[in-house]
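Engineer: okay, predicted coordinates and the sequence, questions at the end:
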Amino acid sequence: MHLMGIWIPILSIVTYIPLAGALAVVFFVPKERTGAIQAISTVIVLVDFVVSLPLWFLFERGREGYQFVEKLSWIPSLGVDYHFDGISLLLILLTTLIGIIAVACSYTAISTRQKEYYVLLLLLQTFMIGTFCSLDLFLFYVFWEVMLVPMYFLIGVWGSDRRLYAAIKFFLYTLAGSVLMLLGIIALYFYNTTGFHSYKGLGQPPTFSIEKLTAVAAGMPAELQIWLFFAFFFGFAIKVPMFPFHTWLPDAHTEAPTAGSVILAAILLKMGTYGFVRFSLPMFPDAINTGWVLAVVITLSIVGIVYGAMVTLVQKDMKRLIAYSSVSHLGFVMLGVFALNMAGLQGGILQMVNHGISTGALFLLVGMIYERRHTRMISEYGGLARQMPIYATYFLIMALSSMGLPILNGFIGEFTILQGAFAKNFWWAFSAATGIVLGAAYLLWLYQRVFFGEITNPANATLPDLTAREQLTLVPLVVLALWIGLYPKPMFDVLRVPSEKIVAAVGGRTLPSPALARKPAPERDPSLAVEASRP
Amino acid sequence: MTVALWIVPALPLAGFLLCLLLGTRLGKGFVSAAGVGSIGIATLAAWSRLLPYFRDGGGAVVERIAPWITAGNFSVDVSFRLDPLSALMVSFVTFVGFLIHLYSVGYMKHDETDAGYARYFAYMNLFMFSMLTLVLANNFVLMFVGWEGVGLCSYLLIGYYYEREYAAAAGRKAFVVNRIGDFGFLLGMFGVFSLFGTLDFGDVFSRAAANPGRFAPGLTVVCLLLFLGAMGKSAQVPLHVWLPDAMAGPTPVSALIHAATMVTAGVYMVTRCNALFRLAPEAMAVVAVIGGVTAIFAAVIALAQNDIKKVLAYSTVSQLGYMFLACGVGAYVAGMFHVLTHAFFKACLFLGSGAVIHALGGEQDMRRMGGLAPKLPVTYRTFLVATLALAGIPPLAGFFSKDAILTGVFAANRPILFAVGLFTAGLTAFYMFRLVSLTFSGRFRGSAEVGAHVHEAPTTMTLPLVVLAFLSAVGGFLGLPEVFGESANRVAAFLAPVFPPIFLPGHEVARHAVSPAKEWILMGVSVTVAAAGLLLAWDWYAKKAGRPAERLAASFPRLYALIADKFRIDELYDVLFVRPFSWLARVLWKVVDVLVIDGFLNAGAFVVELVGDALRFLQTGNVRNYALTFLLGIVALLLIVLAG
């Protein structure tokens, strides 16, 4: 971007501010000075957020193509540059915001090895933003992979009882998926250049440019696209996580420290769905439009919604309960994305942000009570509404947001996703909508057991309500939830052009299909499209 | 100067924010002023629009505020609509709402802390905001916003005494059962969009009316889905189970939300969508049958309840069934008319029961009441008027609206449903007079200590009773039957524009022409049935102190227990759905997740470990090293590839 005639690499600045902060802490602050470490970290994430804000205002809503592009050579034969568009815009801003909250909720929660802790948090932020910015597949993969390392330590060192098991499970699970994705990337690379196995290459100059490789991939034979789609699929699906690759999630979430859970829920889970939107959809349209491939993805999404919600219903541990609810919510996102129409895709992307806000806030809230009572078991609580009314209010608002109540953010996302799904297939929407019933059931059941009834456990009778600092970490999330719920138009404006491009690339129809016609309509029947478009 | 429509819901919203944010700090005086005042001003604002509208009649007025959701070809505005149907609803929602807020001041003042009092009025104001949004919405999505909002407030107010376990559970049950309805509403809404390409009420209904043959095939499913939503909100069988439990909330809440306004939202929605339902005769038939079944089913249960609020709750379910019965046979005007009159007399009854409960220090069991008439004269008289109105005794309001429904069912040539409706009218009169007799006549059966403290309610509580009783008495004259002249039914004339002429080929409904003579006969029959039920109850419970009923119950002990236990529907659902479902959920968690998926993974890990043991010399046991090696490996690999 240009400011007063000077070119400023704003994306790099946003990406590397936390890294610079981390290095500063490592080299210049002795580990005994925890106050200074906290202060520096806080300043760094605040500055990072402020610096990232101009992106929101400078982003040109109506313009097609990449924005804020930076390009510099890394390895001569590789084009390494940063890329940016609407989908990433929202996720980058979410990341810088959550970064502040993650630091702010750690002051009292983390009492050992503070220096390492904050350094890792800052590093993680750089890696996450880098992942969202990369326009180069190689660079993307480096950020994607290296992100695991700080998260691994955050869980493994500062987690609770079973932290090692959870950390290793998280690491190996995601690594396994990434390896397959790497194979996919390498195959794509060779398809562009020399060819491999029985496939004749295109003989073009080597590149990892996402823009070029997307065009190359979209031109591949359908059968090869399917192979590559699934290579990427495992990488992304594990990260999402989709059923049945989700079992790392409850362990990782439950054992991670509060900030770790918040970041996991708000940002890391979005890497998978982001990958689908950024790579799978535009790269492999023929694979996705292959009936059985789409059926597999949609089925797993819907199973995820229902299965996740059912398992959530019977959890006894608050954090594990919210963790399982993510499986259900991310199923909604996947359904929207793979509805392959505008409503579904925009709703799906918006729901990524919404889930970050709502579930992030819920983990934050659970962390607050955990700090007071050092237990996550629901049965240990009850009657908190009397003792902690402010806490109960925040929790209720975020629970309602999570279950998709109108005028809060979750409704907008779920509604547009279901609308998109319905336009594609009545039964998709029908099956997925059962999730909204279950969502209300598990959240209200949790709420009732924790907040209602009499205080039976004497340990809860003297709990202090939220402090000003704790409220400060929650307020931005509540404001965002209300903003998106009341006036989502700015979000949709940001998403419109990039989504149109992706929908056009994947060949989805944006017209509503006559899903209620008596006989099931065959897919992609042009006569039906005409019929449905008639007013 | 005309008041913009959005002002009407915005005022209660402002009241909500004031009570929520400042209420606890500024105390009860402030909360009363803000909470009741906001509704008072909203009522005045609404009526300043309504009076000219009632006088001049007129078409739909649409006031668009802002675009809301736009995704692809899908777009929804925030816009409000004043037409005869919403005008009718707003007229009584604001007014009855105001009376109940006023009553609440007297009812809630003594028991509650400042914080509790503020919370109560905050939720009540939020409810009024949501209800008015629901009613005034100009499209399905905004209506759904209000729809969910009233559901939320219902949840919060049922669970108002959240420290009582059953109140908290009742609130959750209400919300979850309503969500089953919402599931239908949502899908129905998407169906409407996919058929019509818009969710704007005006456009949808005019397109449906303009081209019935084209849309009719898809509309049966859509209407059934929408009706599922209405069943949840309006507590129709089999989704009725939440409403009786909802009585755990404070009594004014029961009057406002669970009798006069929110629960009729389903009827309002179906009537609003009449242009769609009339194109789906199968769906209409389902509406009529569900309504009829609910009416009689709930009335039977009401016969054997001893909790005064439970009787009224089942009575509400039953009356809502009547309303749907009317909609289902195409007598939408009669259904809406009953919504109106029911709001008057049922609100009056609930508030009256509240005055009784208040006087008895929280007692709700009618077996420990009796003989209260002389001690609570105002409550007794107003309660009696409202009871007679509900029982359908002319010339009180309920008589005219119920007669309109029965005439409508008769005219639609549905003899079984007509018989059900007629029989239910008798049951209604019976259980209501059982209630009045047990509560007000005979001698007091409670403890002497309670009896000594019985006192009439303060003016803030009795004034709403008197006003509502008056309306229950005269409200019926708004909708006189046709025998009193062509334009005697002013409600029908006013609502006429809401029902566009629609002709669906091949579905001409055979209608009896109801001659004036037949109409007089029908009226005579319904009055006779009501009077019979009334007198029988009077004889059994007031004169013979309930002995004949006890004898009857004793001769059919199992049947009586079944009815008294509400046909054990909750228990049935527990066995059919709740338990298998939670069993399945546990299996999914413990077996699929932990045993199968993780077991598979752990087995894999174990094999790797065995191999690893064999290759121990390569293993440092340090994941950092693995990660580093891994990364270096990738870089090296790629560099080699690229260099070569």
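Structural biologist: Right, received. Where do you want to start? Numbering: from 1, shown residues only, chains lettered A, B, ... in the order given.

Engineer: buried sites along stretch A:333-342?
Structural biologist: Neighbour counts over stretch A:333-342 (16 or more other Cβ atoms under 10 Å in any protein chain shown) mark A:333-342 as buried. In short, each C-beta sits where N, CA and C put it, glycine included.

Engineer: meant to ask about stretch B:274-288
Structural biologist: Of the residues in stretch B:274-288, B:274-281, B:283-284, B:286-288 count as buried by neighbour count, 16+ other Cβ under 10 Å.

Engineer: where do the strands sit along the stretch 151-300 of chain B?
Structural biologist: With strands called from DSSP state E, counting those that start in this stretch, the stretch 151-300 of chain B shows none.

Engineer: pLDDT score assigned to the residue in the stretch 1-150 of chain B that chain A sits nearest to?
Structural biologist: Residue nearest to chain A within the stretch 1-150 of chain B (Cβ to the nearest Cβ): B:Gly72, separated by 2.7 Å. For B:Gly72, the pLDDT comes out at 72.

Engineer: kindly report the same for A:Leu78.
Structural biologist: A:Leu78 is assigned 58 on the pLDDT scale.

Engineer: closest to A:Thr207 among the buried residues of stretch B:274-288?
Structural biologist: In terms of Cβ to Cβ, no member of those lies closer to A:Thr207 than B:Leu276, at 55.7 Å.

Engineer: state the distance from the closest one to B:Ala285.
Structural biologist: Computed as Cβ to Cβ, to the nearest Å, the B:Leu276 to B:Ala285 distance reads 15 Å.

Engineer: and residue 445, what does it touch?
Structural biologist: I'll assume chain A. A:313, B:172 (Cβ atoms under 8 Å, 6 or more residues apart in numbering or on different chains).

Engineer: chain B, not that one
Structural biologist: B:Arg445 neighbours (Cβ under 8 Å, 6+ apart): B:367-371.

Engineer: roughly how far does it sit from chain A?
Structural biologist: Relative to chain A, B:Arg445 is positioned 31 Å away (Cβ to the nearest Cβ, to the nearest Å).

Engineer: element containing that residue, please.
Structural biologist: B:Arg445 belongs to no helix or strand when assigned by DSSP states H and E.

Engineer: what pLDDT does it get?
Structural biologist: 87.

Engineer: what's B:Gly64 sitting at in phi/psi?
Structural biologist: Just so we're on the same page, residue B:64 is Arg rather than Gly. For B:Arg64, the backbone dihedrals are phi -90, psi 130 (criterion: degrees, to the nearest 10).

Engineer: could you do B:Ser79 as well?
Structural biologist: With angles defined as degrees, to the nearest 10, B:Ser79 sits at phi -150, psi 150.

Engineer: what's the pLDDT at it?
Structural biologist: Listed pLDDT for B:Ser79 reads 93.

Engineer: now do the contacts for it.
Structural biologist: B:Ser79 touches B:62-65, B:137-139, B:142, B:200, counting by Cβ under 8 Å, 6+ apart.

Engineer: list the beta-bridge partners for it.
Structural biologist: With DSSP bridges applied, the residues forming beta bridges to B:Ser79 are B:Arg64.

Engineer: which residues does the closest residue to chain B within chain A contact?
Structural biologist: Nearest to chain B, among the residues of chain A, is A:Met342, at 2.7 Å (Cβ to the nearest Cβ). Counting by Cβ under 8 Å, 6+ apart, A:Met342 touches A:420, A:496, A:499-500, A:503, A:510, B:71-74.

Engineer: quick revisit: can you redo the contacts of B:Arg445 as JSON lines with secondary structure, pLDDT and distance to chain A?
Structural biologist: Formatted as JSON lines, the contacts of B:Arg445 follow (DSSP: H, G, I helix; E, B strand; the rest coil; pLDDT from 0 to 100; distance: Cβ to the nearest Cβ, whole Å):
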{"residue": "B:Arg367", "secondary structure": "helix", "pLDDT": "88", "distance to chain A": "28"}
{"residue": "B:Arg368", "secondary structure": "helix", "pLDDT": "89", "distance to chain A": "26"}
{"residue": "B:Met369", "secondary structure": "coil", "pLDDT": "89", "distance to chain A": "29"}
{"residue": "B:Gly370", "secondary structure": "coil", "pLDDT": "85", "distance to chain A": "33"}
{"residue": "B:Gly371", "secondary structure": "coil", "pLDDT": "86", "distance to chain A": "36"}
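
Engineer: write the ChimeraX selection for whichever of the residues you listed are buried.
Structural biologist: In ChimeraX syntax, the buried subset of those is picked out as below (16+ other Cβ under 10 Å):
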select /B:368,369,370,371
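
Engineer: farthest pair within the contacts of B:Arg445?
Structural biologist: Farthest pair in the contacts of B:Arg445 (Cβ to Cβ) is B:Arg367 and B:Gly371. Separation: 12.9 Å.

Engineer: list the residues that contact A:Val119.
Structural biologist: So A:Val119 contacts A:22, A:25-26 (Cβ under 8 Å, 6+ apart).

Engineer: kindly write the PyMOL command that selects the buried subset of these.
Structural biologist: Buried subset of these, written as a PyMOL selection, criterion 16+ other Cβ under 10 Å:
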select buried, chain A and resi 22+25
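
Engineer: output the contacts of A:Val119 as JSON lines; include the columns distance to B:Val467.
Structural biologist: Formatted as JSON lines, those follow (distance: Cβ to Cβ, whole Å):
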{"residue": "A:Ala22", "distance to B:Val467": "70"}
{"residue": "A:Val25", "distance to B:Val467": "70"}
{"residue": "A:Val26", "distance to B:Val467": "75"}
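
Engineer: nice, that's everything, thank you.
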